[in-house]
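**Student:** sequence and computational prediction follow.
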Amino acid sequence: MKILILNGPNLNRLGKRKPEIYGSKSMAQILLDIQRIWPEVHFVYKQSNHEGDLIDWIQGANDGMSAAMPLNGDASLNDVQGIVLNAGGYSHTSVALRDAVEECEIPVVEVHISDIRQREPFRQTSLLTDVCAHSIIGHGTDGYQEAVDWLLNKVLV
């Protein structure tokens, strides 16, 4: 079993950037916790501040479902069965990322660390919610674990 965890812009700063909103755990700590809970699952983690990278990885994972090698040539994306996506600010702005998720045949769970419904008006709408299999909003960094748990219990059983 393989799950891809994708983080968008500024999420490389987890644990440092606005800990009062995003918490004090680094992504490395979050990933260690997840791997300890599910040692039998292979997790692939990718982060980029660039919209096109996120789109390429989603498309590569989708293409890697049935091909010997995804079109973008990243073998780590072969056989991905679920995607956990925290698109950061692109959640609110990227129609292109939304289109990639909508086309993806792999279930995608959207994660927002903060409760975007209680944030600034420009953050309150996610363009991804209606094309994702599930959304976890405002549960802090535990949202990543909840997303994995949801995939494993609802979709990848």
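**Tutor:** Sure, I can see it.
**Student:** Ala100 contacts Ile55, doesn't it?
**Tutor:** Yes - with contacts counted by Cβ atoms under 8 Å, Ala100 reaches Ile55, the gap being 4.5 Å. (Each C-beta comes from the backbone N, C-alpha and C, glycine too.)
**Student:** who has more neighbours, these two?
**Tutor:** Neighbours per residue, other Cβ atoms under 10 Å: of Ala100 and Ile55, the larger number sits with Ala100, 23 against 20.
**Student:** now do the same for the more buried one: helix, strand or coil?
**Tutor:** With DSSP: H, G, I helix; E, B strand; the rest coil as the basis, Ala100 sits in helix.
**Student:** check the gap between it and Arg119 for me.
**Tutor:** Using Cβ to Cβ, to the nearest Å, one gets 24 Å for the distance from Ala100 to Arg119.
**Student:** swap in Arg36?
**Tutor:** According to Cβ to Cβ, Arg36 and Arg119 sit 31 Å apart.
**Student:** tell me the contacts of Glu51?
**Tutor:** Taking Cβ atoms under 8 Å, 6 or more residues apart in numbering, we find Glu51 in contact with 8, 90, 94, 96-97.
**Student:** ok, now with 6 Å
**Tutor:** The neighbours of Glu51, taking Cβ atoms under 6 Å, 6 or more residues apart in numbering as the test, are 90, 94.
**Student:** excluding sequence neighbours, find me the nearest residue to Asn62.
**Tutor:** Closest residue in space to Asn62, ignoring its immediate chain neighbours: Cys104 at 4.7 Å, by Cβ to Cβ, 6 or more residues apart in numbering.
**Student:** that neighbour: neighbouring residues, count only.
**Tutor:** If you count neighbours by other Cβ under 10 Å, Cys104 ends up with 21.
**Student:** state the pLDDT value of the closest residue to Ile137 other than its chain neighbours.
**Tutor:** Nearest residue to Ile137, sequence neighbours excluded (Cβ to Cβ, 6+ apart): His112, at 4.5 Å. Per-residue pLDDT puts His112 at 94.
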